[in-house]
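Undergrad: need coordinates for the following:
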Amino acid sequence: MTIHNMLKETYVDGKRASTGQVSAQLGSGVDTTTKNKIQNLETKVEEQSNKLDKITSMLNAISEKTSTSWNNFWI
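TA: The predicted structure follows:
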């Protein structure tokens, strides 16, 4: 497993600046139980993200229908 440090600092023109992502291996690695828990969490997050995308699409469709019907009402 890799840890990503997004805060690597360097100095450019005397000012502190981020240079982007740095990867570092964990010293002794991660035990299988922890790795499985992390993978399960990632799967659940992906599933929830997909559900939210579907809900967003449905709400957008409802919003379009509603705005169209109101536009026809005023014409």
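Undergrad: which helix or strand in this structure has the lowest average pLDDT?
TA: Ranking every helix and strand in the chain by mean pLDDT, DSSP states H and E puts strand 2-5 at the bottom, with a mean of 52.
Undergrad: now the helices for the chain?
TA: Taking DSSP state H, the helices of the chain run over residues 32-74.
Undergrad: can you list the domain ranges for it.
TA: Domain assignment for the chain by automatic domain parsing gives 1-30, 31-75.
Undergrad: ranking those by mean pLDDT, which is last?
TA: When these are ranked by mean pLDDT, domain 1-30 comes last with a mean of 59.
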